[in-house]
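1. A predicted structure for the sequence below; I have some questions about it.
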Amino acid sequence: MKIKLIHAHFLISIGDYSNERIGFTGELEPGETVAEAVEKARKDAVEAVGPKAQEFYQKKHDLRAECNEIERRLAILRREWDATAEFLKTQGIKTDAPPMPLFRGLLSPAIEHESVSEAEIIDDDY
């Protein structure tokens, strides 16, 4: 049998249990074997998707680090708020000073085109 066309599909992981399917159909070059053509198609598929996968991993890492930093800063602010509320109660200035509200679950998981500058969150002194 003489093979003239090759059709190859590859499922490539792009991280976080997600995949991308890449496929190629091509003609064998004179003297090229099927194994060589498949290997070249595999290499081309990885090159086409590879940088995207790395970008996803990096973005996920960066966002996780940013969330951890915001949670760390929020914990500091919560302690300061609670200490201030306790002081106001003890001094009789504001006997009903509430504890700092919990902020979990106030935002939907995906927010598009919204940004908050670091200055809006907390002073850089912390």
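-> Arrived safely.

2. could you use CA atoms for every contact and neighbour count after this?
-> Fine.

3. and whatever helix or strand residue 69 lives in, how far from the chain's centre?
-> Per DSSP states H and E, residue 69 falls inside helix 34-90. From the chain centre to the centre of helix 34-90 is a distance of 5 Å (C-alpha atoms, centre = their mean, to the nearest Å).

4. could you list every helix and strand in contact with that helix?
-> Under the contact definition 3 or more C-alpha pairs under 8 Å, 6 or more residues apart in numbering; DSSP states H and E, helix 34-90 sits against strand 5-15, strand 18-27.

5. just put those strands in CSV and tack on distance to residue 67 and mean neighbour count.
-> As requested, the helices and strands packed on helix 34-90 are exported to CSV (distance: least, C-alpha to C-alpha, whole Å; neighbours: other C-alpha atoms under 10 Å):
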stretch, distance to residue 67, mean neighbour count
strand 5-15, 19, 15
strand 18-27, 22, 13
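
6. any idea of the angle the helix holding residue 69 forms with strand 5-15?
-> Relative orientation of helix 34-90 versus strand 5-15 (axes from the mean of the first three to the mean of the last three C-alpha atoms, to 10 degrees): 20 degrees.

7. for this protein, which residues score under the pLDDT cut-off?
-> Filtered on pLDDT under 70, the chain yields the residue ranges 14-16, 50-54, 103-126.

8. grab the most central residue of it for me.
-> In the chain, the C-alpha nearest the mean C-alpha coordinate belongs to residue 60, at 2.5 Å (C-alpha atoms, centre = their mean).
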